[in-house]
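Student: Provide a 3D model corresponding to the input given below.
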Amino acid sequence: MNPDDYRPDIVHQALLAILSSALCLAGRVSAIFIRTGEGILIKVDPQTRIPKTFGNFCNMMVELLQKSSIKSKDNEGKLLKLIQNPVTQHLPANSLKIGLSFNSPKTVKIRDFVAANCDKNLVFVVGAMPHGNIDADYIDDFIPVSGYPPSADTCLYRICDALESNWKIF
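Tutor: Predicted structure coming up:
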């Protein structure tokens, strides 16, 4: 296998970005889903604390794949768990599913997009891969967040910033 096609470090950085955001800390993130290249679907509870070091993150993910879930220390719930496909059955009903794509012909400022769609359940699909396009037939529309190809964590920082600004979370 080509190691450039499998980049758990990108997923690690993306999770750190969203889980440490004011948006998540304010309780405005309902769930995070990860789909692996092999089609495994993982649900991440927004209360999860992702290890800061990449090695510990990898150990946690190996444990998840072996046990199918990781419970909180007080056994109140599952912080990470493998769930059944398709992801659409886990998304809010009537949500607007937006894929991020540098190649989108639209020119949209993410803050303007969020403000114009604040009355909808927004689901953002971010590719945590070094190159390529998101392959998901359930996406309603694709928008860019930059005129340049940004990293996954940069996309998430911009989305979180736009939502925090719209909802006045500081």
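Student: can you give me the strands for this protein?
Tutor: Ranges of strands within the chain are 32-35, 41-44, 69-71, 78-83, 96-100, 122-125, 141-143, based on DSSP state E.
Student: in its sheet, what does the second one sit against?
Tutor: Strands that pair with strand 41-44, judged by DSSP bridges, come out as strand 32-35 (antiparallel), strand 78-83 (antiparallel).
Student: just name the most buried of those.
Tutor: Burial of those is given as mean neighbour count (mean count of other CB atoms under 10 Å); strand 78-83 ranks first at a mean of 18. Heads up, the C-betas are built off the backbone N, CA and C, glycines and all.
Student: quick one: low-confidence parts of the chain?
Tutor: Filtered on pLDDT under 70, the chain yields the residue ranges 1-6, 129-132.
Student: got the strands of the chain as CSV, with distance to Pro149 columns?
Tutor: Converted to CSV, those look like this (distance: least, CB to CB, whole Å):
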stretch, distance to Pro149
strand 32-35, 21
strand 41-44, 25
strand 69-71, 32
strand 78-83, 29
strand 96-100, 10
strand 122-125, 16
strand 141-143, 14
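Student: the residue nearest the centre of the chain: what's its closest spatial neighbour, skipping adjacent residues?
Tutor: The structure's the chain has its C-alpha centroid closest to Ile32; by CA atoms, centre = their mean the separation is 5.3 Å. In space, and not counting its chain neighbours, Ile32 is closest to Val44: 4.1 Å by CB to CB, 6 or more residues apart in numbering.
Student: next: Tyr148.
Tutor: Nearest non-adjacent residue to Tyr148 (CB to CB, 6+ apart): Phe102, at 7.2 Å.
Student: surely the one you found and Pro149 touch.
Tutor: Yes: between Phe102 and Pro149 there is a contact under CB atoms under 8 Å: 4.3 Å.
Student: returning to what we had before: and the residue nearest to Ile32, how many neighbours does it have?
Tutor: As a burial measure, Val44 scores 21 neighbours (other CB atoms under 10 Å).
Student: contacts only, for it.
Tutor: Residues counted as contacts of Val44 (CB atoms under 8 Å, 6 or more residues apart in numbering) are Leu15, Leu19, Ala31, Ile32, Phe33, Ile34, Leu79, Leu80.
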